[in-house]
Every structure is written in structure tokens, then in C-alpha cells.
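1. Okay, sequence plus prediction incoming.
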Amino acid sequence: MRAQLDDGRLVPVLEAWCPSFPGFYLDTAGRTQVPPRLRVFIDFLREKRESV
């Protein structure tokens, strides 16, 4: 989408509601028990984020 935003084909709306940040969002759909493979992935992302 970056190219379309840069050349004006797309226009950001509600920018105040969508601040940029150096990170990621992860939604686990309200699960109280995260599947083991997803838990490993989440832990991996956290470790990478903390090492930067």
C-alpha cells in the first residue's frame, strides 16, 4: 500500500485514530489458551523486539 499512498491513489483517513508505531499488533481472538505454536511465535517476536 505504501506505493499507492505515495502516489496519491490511496488517501489516509482518520489518521489521528491510527498512529504509526515501530511494532506490531497481534489479536488472538480473545483466547485464554493460546495454541503452543502460536505461543512460540509470539515469544519469538517479543525476543526480536527486545533485542533491537
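-> All right, it came through fine. Residues are numbered from 1 along each chain as shown.
2. how many other residues sit next to Ile42?
-> Residue neighbour count, defined by other Cβ atoms under 10 Å, stands at 13 for Ile42. C-beta here means a position set from N, CA and C on the backbone, and glycine is covered the same way.
3. residue contacts, it?
-> Residues near Ile42 by Cβ atoms under 8 Å, 6 or more residues apart in numbering: 26, 34.
4. Kindly format the C-alpha coordinates of the helix or strand encompassing it as PDB.
-> Following DSSP states H and E, one finds Ile42 within helix 36-51. Only the C-alpha atoms of helix 36-51 are listed here, as PDB (Å, rounded to 0.1, in the frame of the first residue of the first chain):
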ATOM      1  CA  PRO A  36       1.500 -23.900  21.600                       C
ATOM      2  CA  ARG A  37       2.700 -23.000  18.000                       C
ATOM      3  CA  LEU A  38       1.300 -19.500  18.300                       C
ATOM      4  CA  ARG A  39       2.800 -19.100  21.800                       C
ATOM      5  CA  VAL A  40       6.300 -19.900  20.400                       C
ATOM      6  CA  PHE A  41       5.700 -17.400  17.600                       C
ATOM      7  CA  ILE A  42       4.600 -14.700  20.000                       C
ATOM      8  CA  ASP A  43       7.700 -15.400  22.200                       C
ATOM      9  CA  PHE A  44       9.900 -15.200  19.200                       C
ATOM     10  CA  LEU A  45       8.500 -11.800  18.100                       C
ATOM     11  CA  ARG A  46       8.900 -10.500  21.700                       C
ATOM     12  CA  GLU A  47      12.500 -11.600  21.800                       C
ATOM     13  CA  LYS A  48      13.300 -10.000  18.500                       C
ATOM     14  CA  ARG A  49      11.600  -6.700  19.600                       C
ATOM     15  CA  GLU A  50      13.600  -6.600  22.800                       C
ATOM     16  CA  SER A  51      16.900  -7.300  21.100                       C
END
